[in-house]
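Engineer: Provided below for reference: sequence and predicted model.
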Amino acid sequence: MAPSAISPAQQHAQLAFAPKKVKDAAAEVEDRAAGLTKPLAEMMGNWDDFSFAPIRESTVSRAMTRRYFADLDKYAESDIVIIGAGSCGLSAAYTLGKLRPDLRITVIEAGVSPGGGAWLGGQLFSAMVMRKPADVFLREVGVPYEDEGDYVVVKHAALFTSTVLSKVLAMDNVKLFNATTVEDLITRPDPDSEDIGPGVRIAGVVTNWTLVSMHHDDQSCMDPNTINAPVVISTTGHDGPFGAFSVKRLVSMKQLEQLEGMRGLDMQRAEDAIVKNTREIVPGLIVGGMELSEIDGANRMGPTFGAMALSGVKAAEEAIRVFDLRKKQNEI
Ligand code: 48N
C-alpha cells in the first residue's frame, strides 16, 4: 500500500534555536563539483592518458598523522564528550554541534564503524520506523521518509544513520574518534553529592584503542589515554559485549547501588520513558538512549528509533544546561 504521504524532500525544519549555519556537506561537495564537472566529463572515455598527480608515501603518512595527533592534542581538553556514536549519541552530537558551535565536542566510538544498532531496522530488515513526533528530527537533518500517519518510515535505516553521521562529521567543532573505547571515567570528589558515600563528579573519560581494550587479558599492561571534559554524555546502548559501559562503571565505583536492568518489550511505554528520563545521573554524567533502560529498568522498544533521536536531543539540552551552570559558577 503506498504511503499516505512522502516527506517534503530535503525541506529542513528550522531548529527552534538560532544555530550557526553549518555549511551543508552535500552543498559543499556540490560547490566543489561545479568546478570539476567539465574535467570529470572530459576524463570519461579518455583513460589511456590518465594519471594521478605524483606522491611520496611519507607525504600520505604525514597528512594523516599530523592531523590525527593535532586532534588528540586539541581535544585532550573538550567541553563535552559523548561516549557511543549510535543513533542516540549521533543525534546528541548533531544537536550540540548545531546549537553550540562554540563548544568543543568529542565523540568516542568503540567500533570502527559508528552507528551502533541503527544501520538496519528490526531483524536485519532495511526500513527504519520512527513514531511521531520524531519526524521533526528527520526533517531537521534532511532525511526523507514515508508518512504513515502516527509513524514514519525511512526506507533504509542506513539513510538515517549516514545522513546524521555525515552532518556531524562536517561540523567544525565536533571530532569523532572511532575504533576508540572509553575504558573508564575521570572523577573528582564531589562534596555536594550526598547519596552514596563520597560522591564523585565526572570530569572526563579514559580511552584506549578498542583493539587494545580487547586484549588486556593476553598482553602485559597497556595503559590508556585521557580526555578531560566537565560534561560527559553516555549513550553506549543496553547491556551487551560493549553496552551499558558507564552505568556499570558507576555501580562498580559505588556511585549507584545497582542496575534495575532493561525490561521486556513494550513499545508504547518504552519510548516515552527513555526520552522523558534522559538526565544527569551523577554530577557531570548524562545518560541517554538504551543505556538508560539499564539504570531505570525501562522496557525495551524493539525496532522503533524515535526515542533514540529525541533522547539524543534531550541529552544535548541537558549537557548544555550543566555546562553553562558550571561555567556560571566558575567551576570550568
Ligand atoms: O545503537 P547503540 O547500541 O545504542 P543507542 O542507545 O544509541 O541506540 C539503541 C538502539 O539501537 C536500540 O537498541 C534499538 C532502538 N532497539 C531497542 C531494543 O529494544 O532492542 O549504540 C551504542 C554505541 C555503539 O556504537 C557501541 O560501539 C558504542 O556505543 N560503545 C562504546 N563506545 C566507546 N566506548 C565504550 N565503552 C562503548 N560502549 C559502547
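Structural biologist: Okay, I see it.
Engineer: Spell out which residues of this structure are next to the ligand.
Structural biologist: Residues of the chain lying close to the ligand (Cβ under 6 Å from any ligand atom) are 83-89, 108-111, 116-118, 181-182, 235-238, 242-243, 245, 265, 289-291, 300-302, 305, 308. C-betas here are computed from N, CA, C, even on glycine.
Engineer: Just the ones of the residues you listed in helices?
Structural biologist: Cross-referencing these against helices under DSSP state H gives 87-89, 245, 291, 308.
Engineer: hang on, the earlier thing: now a PyMOL select for only the buried ones of the residues of the chain next to the ligand.
Structural biologist: Listed next is the PyMOL selection for buried residues among the residues of the chain next to the ligand, using 16 or more other Cβ atoms under 10 Å:
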select buried, resi 83+84+85+86+87+88+89+108+109+110+111+116+117+118+181+182+235+236+237+238+242+243+245+289+290+291+300+301+305+308
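Engineer: Could you list every helix and strand that the helix or strand that contains residue 140 packs against?
Structural biologist: Taking DSSP states H and E as the definition, residue 140 sits inside helix 135-141. If contacts are counted by 3 or more Cβ pairs under 8 Å, 6 or more residues apart in numbering; DSSP states H and E, helix 135-141 sits against strand 151-154, helix 157-170, helix 306-328.
Engineer: The ones you listed: which one's closest to residue 230?
Structural biologist: Among the helices and strands packed on helix 135-141, the nearest to residue 230 by Cβ to Cβ is helix 306-328 (5.5 Å).
Engineer: What average pLDDT does that closest one get?
Structural biologist: Here helix 306-328 scores 97 as its mean pLDDT.
Engineer: Enumerate the positions of that helix that are buried.
Structural biologist: Quick answer for helix 306-328 (16+ other Cβ under 10 Å): 306-320, 322-323, 326.
Engineer: could you give the angle of that helix to helix 157-170?
Structural biologist: Orientation check (axes from the mean of the first three to the mean of the last three Cα atoms, to 10 degrees): helix 306-328 against helix 157-170 gives 20 degrees.
Engineer: I'd like to know which elements helix 306-328 is packed against.
Structural biologist: If you count contacts as 3+ Cβ pairs under 8 Å, 6+ apart, helix 306-328 packs onto helix 87-99, strand 128-131, helix 135-141, strand 231-234, helix 267-277, strand 279-282, strand 285-287.
Engineer: Including distance to residue 250 and mean pLDDT, could these go into a markdown table?
Structural biologist: Listed next are the helices and strands packed on helix 306-328 as a markdown table, based on distance: least, Cβ to Cβ, whole Å; pLDDT from 0 to 100:
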| stretch | distance to residue 250 | mean pLDDT |
| --- | --- | --- |
| helix 87-99 | 18 | 98 |
| strand 128-131 | 30 | 98 |
| helix 135-141 | 28 | 98 |
| strand 231-234 | 9 | 98 |
| helix 267-277 | 16 | 97 |
| strand 279-282 | 6 | 97 |
| strand 285-287 | 8 | 98 |
